[in-house]
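Trainee: Build me a structure from this.
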Amino acid sequence: LSLTFLSFCIGLSDAEGYTGVKSSTFDANWTPNYSDNFSFPTVFSIFFPAVTGIMAGANMSGVLKNPSKSIPKGTLLATIGS
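Mentor: This next block holds a predicted model:
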């Protein structure tokens, strides 16, 4: 996960607009750049319920009949539904 985040920040990708490994790419991706009047509270208000809902489902694993099957299925459905 750390390597994925680092590769995002420094721009390691073969996608269109690939800039290569540059410190300017790292600087541009390190801080958030909200656009279209989206602020941190707006983004957080969408992200927080999605994450806490997934965690609430995982924490209830003790009452599930088959947690090894139900948790991945519920997590994927919650992520898609968010």
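
Trainee: State which helix of the protein is the longest.
Mentor: For the chain, the longest helix by residue count, based on DSSP state H, is helix 40-59.

Trainee: chain center to that helix, what's the gap?
Mentor: Distance of helix 40-59 from its chain centroid, counting by Cα atoms, centre = their mean, to the nearest Å, is 11 Å.

Trainee: Give me the pLDDT value at Leu12.
Mentor: For Leu12, the pLDDT comes out at 63.

Trainee: Phe40 now?
Mentor: Note on Phe40: pLDDT of 77.

Trainee: and if you look at Leu3?
Mentor: With respect to pLDDT, Leu3 has a value of 78.

Trainee: Then Thr52?
Mentor: At Thr52, the pLDDT value in this model is 77.

Trainee: Centre-most residue in the protein?
Mentor: Phe47 (8.6 Å; Cα atoms, centre = their mean).

Trainee: And that one, how close does it get to Thr25?
Mentor: Distance, Phe47 to Thr25, by Cβ to Cβ, to the nearest Å: 24 Å. All C-beta spots, glycine's among them, are computed from the backbone N, C-alpha and C.

Trainee: one step back: buried residues, the next helix or strand after the longest helix of the chain. List them.
Mentor: Scanning forward in sequence from helix 40-59 by DSSP states H and E, the next helix or strand is helix 67-81. For helix 67-81, the neighbour count (16 or more other Cβ atoms under 10 Å) marks Ile71, Gly74, Ala78 as buried.

Trainee: Can you list phi and psi of the residue of the chain positioned farthest from its centre for me?
Mentor: In terms of distance from the mean C-alpha position of the chain, Lys65 ranks first, at 28.8 Å (Cα atoms, centre = their mean). Backbone torsions for Lys65, taken as degrees, to the nearest 10, come to phi -70, psi -40.

Trainee: Likewise for Asn66?
Mentor: phi -130, psi 80.

Trainee: Tell me the pLDDT of it.
Mentor: The score at Asn66 is 86. That number is its pLDDT.

Trainee: Also Leu6?
Mentor: For Leu6, pLDDT reads 76.
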